[in-house]
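Visitor: Here's a sequence, model it:
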Amino acid sequence: MVSRHPVPAAPGATPLREIYSVSRLTREAKAVLESGFPLLWIEGEISNFARPSSGHYYFTLKDSQAQVRCALFRSSQRTLACTPRDGMHVVLRVRISLYEGRGEFQLIVEHLEEAGEGALRRAFEALKNRLALEGLFDVARKKPLPQLPKRIGVITSPTGAVIRDIITTLARRFPPISVLIYPVPVQGEGAADKISAAIRLAGERRDCDALIIARGGGSLEDLWPFNEEIVARALYECPLPVVSGVGHETDFTIADLVADARAPTPTAAAVMLSPDFREWLAEFVAFEQQLRRRMADRLGGAQQRLDWLASRLIHPADRIERLHQRLTDLSRRLILAQTARRNTAAAAVLATTARLHRLSPAAPLRQSQLRFAHQHERLARAMQQTLERAGHRLGVASGRLDTLSPLATLARGYAIVQRDDTGALVSDATQLRPGQRIRALLARGRLKALVEESEE
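Guide: Residues are numbered from 1 along each chain as shown. From the prediction side, this is the model:
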């Protein structure tokens with residue numbers, strides 16, 4: 001193996017060369033391929049298909065101009081709907097990689113489906129998502145199925161085994177239910193238009209209690225008329241409850257999602273809409289037995305009550321005598337009760353009067369009045385003393401105030417000078433200039449003057 005370490009160059013040659021090993025080159029090329037391409041879809045034809053003992057699938061995917069090796073490992077084969085084979089046209093979901101052992105570019109397959117069916121699947125998913133956003137599959141809008149329909153309309157092919165199975169099932173389960181067939185083609189071009197027209201016609205006529213839309217099993221392409229938008233919207237707008245019985249249990253269509261109920265098979269749809277008459281007869285028998293028991297119980301109870309009332313029946317004269325005696329007894333008891341109640345009330349009045357005398361507020365009120373008069377007298381004396389002491393202090397303070405008051409100074413001929421504009425006291429002649437106004441406070445009154453001249 002060639003060394004992958006830098007090799008010193010000869011004198012005068014290129015300074016250094018980085019030489020890759022083959023394994024390093026394939027490993028780094030694989031990393032570039034796997035990180036440079038996202039998970040993607042690819043379409044082509046299978047050739048050179050091989051399945052060795054390991055269980056993995058190996059094949060070549062080609063078109064008219066190129067081909068590439070593919071590997072589908074056993075762990076990814078569980079979800080396959082078909083087995084690959086030479087010549088099959090397929091759509092693959094792949095990761096791009098490189099097989100280091102041989103240095104070969106290859107695709108790792110994660111999903112495989114036939115090209116035609118894959119297109120139908122994508123169209124199915126796109127329509128399903130769009131109709132779901134519009135609310136065509138909402139459970140809240142689905143109509144309840146009738147418990148006992150008188151007539152069931154069946155929209156299906158009139159010549160297939162499906163209609164025979166439905167009629168046989170209804171006749172076996174509940175023969176009185178009649179069947180109205182709306183014959184339509186259930187596959188091929190134009191089938192969806194005729195199916196939707198039959199649904200709208202049944203909704204306009206309303207001569208059935210419920211509808212069954214049905215056909216047998218088949219491929220996705222065979223069932224495609226029941227995946228058409230025109231059929232889905234006709235089912236959504238139909239005023240009658242509709243049961244979808246399209247295909248087998250593993251088949252699923254847009255009609256199953258829009259219909260008010262889905263049955264796994266057409267026969268199951270007939271079972272879903274028809275009660276079993278044997279069960280109904282059994283229930284009627286049980287109801288009859290229950291009714292008989294309840295009627296017997298009720299008649300027996302009525303007879304017992306009648307016997308009891310008959311035993312209580314007495315002559316009117318005897319009843320009047322008994323009532324008269326009872327009236328006399330009650331009158332005597334009433335008189336005794338009134339007397340006892342009157343005596344009890346009198347005793348209670350006496351006890352209450354004595355208690356009121358004990359609890360009378362007259363004595364405490366007189367004591368409170370005496371205390372109030374005494375406190376009022378003390379308060380008056382205290383107020384008089386306080387006023388006298390305050391008058392004495394006021395006289396002393398007035399004398400001291402007269403001594404300190406500037407009014408005495410003003411009385412001796414002095415004056416207090418202020419600036420007329422600010423009211424500031426003037427104690428220095430330099431504080432004023434000629435032309436300024438002043439005010440002079442005298443012992444009696446004030447003067448306003450104009451400064452003509454100031455001297456220091």
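
Visitor: Secondary structure element holding residue 212?
Guide: strand 210-215 (DSSP states H and E).

Visitor: pull the CA atoms of that strand into CSV?
Guide: What follows is strand 210-215, C-alpha atoms only, in CSV (Å, rounded to 0.1, in the frame of the first residue of the first chain):
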residue,chain,number,x,y,z
ALA,A,210,-79.2,5.0,3.4
LEU,A,211,-76.7,4.3,0.6
ILE,A,212,-74.0,1.7,0.1
ILE,A,213,-71.2,2.6,-2.4
ALA,A,214,-69.4,-0.7,-3.1
ARG,A,215,-67.1,-2.7,-5.4
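
Visitor: Sheet partners, orientation included, of it?
Guide: If you go by DSSP bridges, strand 210-215 pairs up with strand 151-156 (parallel), strand 242-246 (parallel).

Visitor: what does the shortest one contact?
Guide: Outside of strand 242-246, the residues that reach it under the criterion Cβ atoms under 8 Å, 6 or more residues apart in numbering are 145, 162, 199, 210-215, 223, 226, 235, 253, 255-256, 258-270, 272-273. In short, each C-beta sits where N, CA and C put it, glycine included.

Visitor: Could you rerun that using 7 Å?
Guide: Applying Cβ atoms under 7 Å, 6 or more residues apart in numbering, the contact partners of strand 242-246 are 145, 210-215, 223, 226, 235, 253, 255-256, 259-263, 265-266, 268-269, 272-273.

Visitor: got it, and stretch 406-419?
Guide: 402, 424, 425, 426, 436, 438, 439, 440, 441, 442, 443.

Visitor: let's see it at 10 Å
Guide: Stretch 406-419 has contacts (Cβ atoms under 10 Å, 6 or more residues apart in numbering) with 401-402, 405, 424-427, 429, 431-432, 436-444, 446-447, 449, 451.

Visitor: who does the host helix or strand of residue 164 touch, helix- and strand-wise?
Guide: Residue 164 belongs to helix 161-173 when assigned by DSSP H and E. Contacts defined by 3 or more Cβ pairs under 10 Å, 6 or more residues apart in numbering; DSSP states H and E place helix 161-173 against strand 151-156, strand 178-183, strand 210-215, strand 242-246, helix 266-273, helix 277-312.

Visitor: Would you mind giving those as CSV with distance to residue 110 added?
Guide: Output for the helices and strands packed on helix 161-173, formatted as CSV (distance: least, Cβ to Cβ, whole Å):
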stretch, distance to residue 110
strand 151-156, 39
strand 178-183, 44
strand 210-215, 34
strand 242-246, 30
helix 266-273, 35
helix 277-312, 50
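
Visitor: can you put the ones you listed in TSV and add mean neighbour count, mean pLDDT and distance to residue 332?
Guide: Putting these into TSV (neighbours: other Cβ atoms under 10 Å; pLDDT from 0 to 100; distance: least, Cβ to Cβ, whole Å) gives the following:
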stretch	mean neighbour count	mean pLDDT	distance to residue 332
strand 151-156	24	94	82
strand 178-183	15	94	83
strand 210-215	28	94	80
strand 242-246	28	93	83
helix 266-273	23	93	80
helix 277-312	10	85	27
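
Visitor: re the thing from before, would you mind putting the strands paired with strand 210-215 into JSON lines with distance to residue 111 alongside?
Guide: Output for those, formatted as JSON lines (distance: least, Cβ to Cβ, whole Å):
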{"stretch": "strand 151-156", "distance to residue 111": "34"}
{"stretch": "strand 242-246", "distance to residue 111": "26"}
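
Visitor: Quick one: closest of those strands to residue 54.
Guide: Residue 54 lies closest, by Cβ to Cβ, to one member of the strands paired with strand 210-215: strand 242-246, at 40.2 Å.
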